[in-house]
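> how would this look folded up:
(one chain, ligands or ions: 2)
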Amino acid sequence: MADKVLIYSRFPKTMMARFAERFELLDTGGKPASEVFSAEELSGIRALLTAGGSPLGAEAMDLFPKLGAIVCYGTGYDGVDLKAAASRNIAVGHSPGANAASVADIAMTLMLATTRRILVADQYVRSGDWAASKQSPMMRPQAGMPGRRIGVYGMGEIGRKIAARCAAFESEIGYFSRSKYDLPYQYFPTLEALADWCSVLMIAVRAGAETQHVVNADILGRLGADGYVVNISRGSVIDEKALVAALTDKTIAGAGLDVFEKEPHAPDALTALPNVVFAPHIGGHTLESHVAMQGCVLANLTASFEGRPLPHAVKSA
Ligand SMILES: NC(=O)C1=CN([C@@H]2O[C@H](COP(=O)(O)OP(=O)(O)OC[C@H]3O[C@@H](n4cnc5c(N)ncnc54)[C@H](OP(=O)(O)O)[C@@H]3O)[C@@H](O)[C@H]2O)C=CC1
Ligand SMILES: O=C(O)C(=O)CO
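Numbers count the residues shown, from 1 in each chain. Ligands and ions are numbered 1, 2, ... in the order given. Presented below is the predicted three-dimensional model:
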C-alpha cells in the first residue's frame, strides 16, 4: 500500500499528478482537513504537505496523532508553529535555496520597474500621450543603478543572490542581517542604520514573529523622499498601513511588492497608487524552481516514511 500524504494547501495539478505516482494523496483542496476527511482517516496520517505560509498551529497538528513530518513546499515555513511541532516530535522540512535565484530575479524586476517607472512609461506610449508630445513628469530623468546604494535586509539564500545581481549592476551594496558575513559588502549593525544609508531597501529577511512589521513608518521615513522599498519576503515584514501612508504622502518615492499581508488581497489604498509595481507572489514561480522544490519535497517525504531525518529540515525546528 502506498504511503499516505495529506495535501494541506492547494498545489498545481501537474505536481499532484507527479506525487500521486509515488504516494496516496489525500487532498483537502485547501479546505479544513476535518471538513473533508473523517477523524479516523486523519488519525492515520504520518506526513503532510503544505505551503509554508499557510497557518498550521498546535490545534491543527492535534488532528493527526501519528504525524511525523510537515513538509513545506518552498523555503518559507512562517505559517508553521515550530514550537508546537517540536513538542510533538514532528519534523518540519522545506526547500532551502531551491527558488532563491528566481526570487532574486523578481526582486530585480520590481526594483528596475519601480525606479524607472516602467508601468507609467508603458502607459505613456500606449495612450498616445508620447506621440502627442504631452508633458509628463515620467520623462524626468531618474537615478540609475551604477553607484546607487542598495540595502539588503536579510543576507540569506535570496539576499545573497540579490546582492550579486546588484553588484553586476555596479551598485553599492550594504546589508543588515542577524549575522555579519565575510562578504564584500558593507555591514550595518541595525536596520535603522541601513535605512539611513541606502536609497533602495530590498527585503529578503525571514518572516516570522521577530520580523513582523519591522519595516515601519520610522524605517520608511529613513529611506527618504528618493527612497524605494522592494519586498519579496512576506507581507508581514512591512506594516502595510504605514507603507500606504508613506507612499501617499511621498515620504518615499515608490515600492515594488511581490507579497502582501493578506494574500491574495492587496488593499485598494495600495493598488490605487501609481508609484507601486505589483506581482502576485510569483517570486519563486519559475519552471526550474518548481523542479528543485519538488525534489526537496520528494526527498523529505521519502526520508520521513523510511524513518530517516529529513534531508532538508528547518534548522530551528
Ligand atoms: N516571494 C516569494 O515567492 C518567496 C518568498 N520567500 C521568503 O523570503 C524570505 C527569505 O528566504 P531565504 O532567503 O530563502 O531565507 P534564508 O533563511 O536563507 O535567509 C533569511 C535571512 O534572514 C535573516 N534573519 C532572520 N531573522 C532575522 C532577524 N530577526 N533579524 C535580522 N535578520 C534575520 C537570516 O539571518 P542569518 O543570516 O543570521 O541566519 C538570513 O540571512 C523568507 O521569509 C521566505 O518565506 C522565499 C521564497 C519565495
Ligand atoms: O518558497 C517560498 O517561501 C514561497 O513563497 C514560494 O512561493
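
> list the contacts for D78?
Contact partners of D78, counting by Cβ atoms under 8 Å, 6 or more residues apart in numbering, are G52, G53, R206, A207, G208, R234, S236. Bear in mind the C-beta positions are built from the backbone N, C-alpha and C, glycine included.

> any idea how far the residue of the chain found nearest ligand 1 is from K66?
Ligand 1 sits closest to G156 of the chain, with a gap of 1.7 Å, by Cβ to the nearest ligand atom. For G156, the distance to K66 equals 33 Å [Cβ to Cβ, to the nearest Å].

> Among those two, which residue is more densely surrounded?
G156 (19 against 10; other Cβ atoms under 10 Å).

> From what I see, the more buried one and A207 are in contact.
No - taking contacts as Cβ atoms under 8 Å, G156 lies outside contact range of A207: 11.4 Å.

> tell me which parts of the stretch 201-317 of the chain are close to ligand 1?
Residues of the stretch 201-317 of the chain that fall close to ligand 1, judged by Cβ under 6 Å from any ligand atom: 204-207, 210-211, 232-234, 258-259, 281, 283-284.

> Show me what counts as buried in stretch 214-225.
For stretch 214-225, the buried set under the neighbour-count rule, 16 or more other Cβ atoms under 10 Å, comprises V214, V215, I219, L220, R222, L223.

> my bad, stretch 138-154
Under the neighbour-count criterion of 16+ other Cβ under 10 Å, stretch 138-154 has M138, M145, R148, R149, I150, G151, V152, Y153, G154 buried.

> Could you list which residues are in contact with the last one?
Translated: G154. Taking Cβ under 8 Å, 6+ apart, we find G154 in contact with Y175, S177, I203, A204, V205, R206, S233.

> L191 versus the first one, what's the distance?
As judged by Cβ to Cβ, Y175 and L191 stand 10 Å apart.

> Touching both of those two, which residues are there?
Residues touching both Y175 and L191 (Cβ under 8 Å, 6+ apart) are Y153.

> in the stretch 101-250 of the chain, which spans are helices?
Remark: helices assigned in the stretch 101-250 of the chain by DSSP state H, counting those that start in this stretch are 118-126, 157-168, 191-197, 217-223, 240-248.

> Give me the contacts around the first one.
For helix 118-126, the surrounding residues in contact (Cβ under 8 Å, 6+ apart) are L112, A113, D129, W130, S136, M138, M139, P274, V277.

> How far off centre is that helix?
Put simply, helix 118-126 sits 27 Å off its chain's centre (Cα atoms, centre = their mean, to the nearest Å).

> how about that helix: buried residues?
Across helix 118-126, burial judged by 16+ other Cβ under 10 Å covers L119, V120, Y124.

> Give me the contact list for stretch 217-226.
Residues outside stretch 217-226 that contact it (Cβ under 8 Å, 6+ apart): 143, 191-192, 195-196, 198-199, 201, 227, 229, 239, 242-243, 245-246, 250-253.

> I'm done for today, thanks for sticking with me.
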